[in-house]
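Sequence plus predicted model, see below.
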Amino acid sequence: MILVSLMAAMLSGAEAAPVAEKVQEAVAPRAGRELYICARDEASRRAFKRRFGEVVFVSAREVVDSRTDGSAWAVPRCITQKEYLRLEKLTSKTR
């Protein structure tokens with residue numbers, strides 16, 4: 001977990017880091033909920049849009065809620081580093 005967090009902090013503006021596998025398993029028991037830690041700068045948005053087609057940021061609460069309401073995403077979603085840390089806390093409480 002720490003490695004992913006450090007990698008995300010060191011990434012240049014044009015890259016996104018996949019969320020740690022442990023958190024990914026907790027929030028994505030089935031396909032359709034892939035998350036990437038993304039910066040909010042324009043270069044990051046362009047790179048993510050080029051790769052996945054659209055940029056949609058979600059909060060930690062939205063990710064947890066999507067697990068219970070059964071919704072899936074057509075394309076991966078972005079989450080900020082701050083929200084990712086909240087997500088780690090929320091998912092560790094629910095285990």
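Here it is on my side, so go on.

hey, where'd the helices end up in this structure?
Assigned by DSSP state H, the helices in the chain fall at 2-10, 21-27, 42-52, 60-69, 81-93.

From residue 41, how far out is the closest residue to residue 72 other than its chain neighbours?
Using CB to CB, 6 or more residues apart in numbering and skipping the chain neighbours, the partner closest in space to residue 72 is residue 32 (2.7 Å). Where C-beta positions appear, they are placed from N, C-alpha and C, glycine not excepted. Distance of residue 32 to residue 41, given as CB to CB, to the nearest Å: 27 Å.

Likewise for residue 91?
On the measure of CB to CB, residue 91 and residue 41 end up 27 Å apart.

which of the two has more neighbours?
The neighbour comparison of residue 91 against residue 41 (other CB atoms under 10 Å) goes to residue 91, with 19 against 12.

wait, what's in contact with the closest residue to residue 77 other than its chain neighbours?
For residue 77, ignoring the flanking residues on the chain, the nearest one in space by CB to CB, 6+ apart is residue 58 at 4.6 Å. Applying CB atoms under 8 Å, 6 or more residues apart in numbering, we find residue 58 in contact with 35, 66, 77-79, 83.

Ok, residue 52 next?
75-76.

if I look at it, how far off is residue 74?
10 Å.

And for residue 41?
For residue 41, the distance to residue 74 - CB to CB - is 24 Å.

What of residue 44?
The value you get for residue 44 to residue 74, if CB to CB is used, is 20 Å.

neighbour-wise, which of those two wins?
Using other CB under 10 Å, the more surrounded residue of residue 44 and residue 74 is residue 44, with 20 against 9.

what's the pLDDT at that one?
Here, the pLDDT recorded for residue 44 equals 93.

Can you give me the neighbour number for residue 64?
Quick note: residue 64 (other CB under 10 Å) scores 17 neighbours.

Next, the contact list for the residue nearest to it when sequence neighbours are not counted, please.
Using CB to CB, 6+ apart and skipping the chain neighbours, the partner closest in space to residue 64 is residue 90 (5.3 Å). For residue 90, the contacting residues are 60-61, 64, by CB under 8 Å, 6+ apart.
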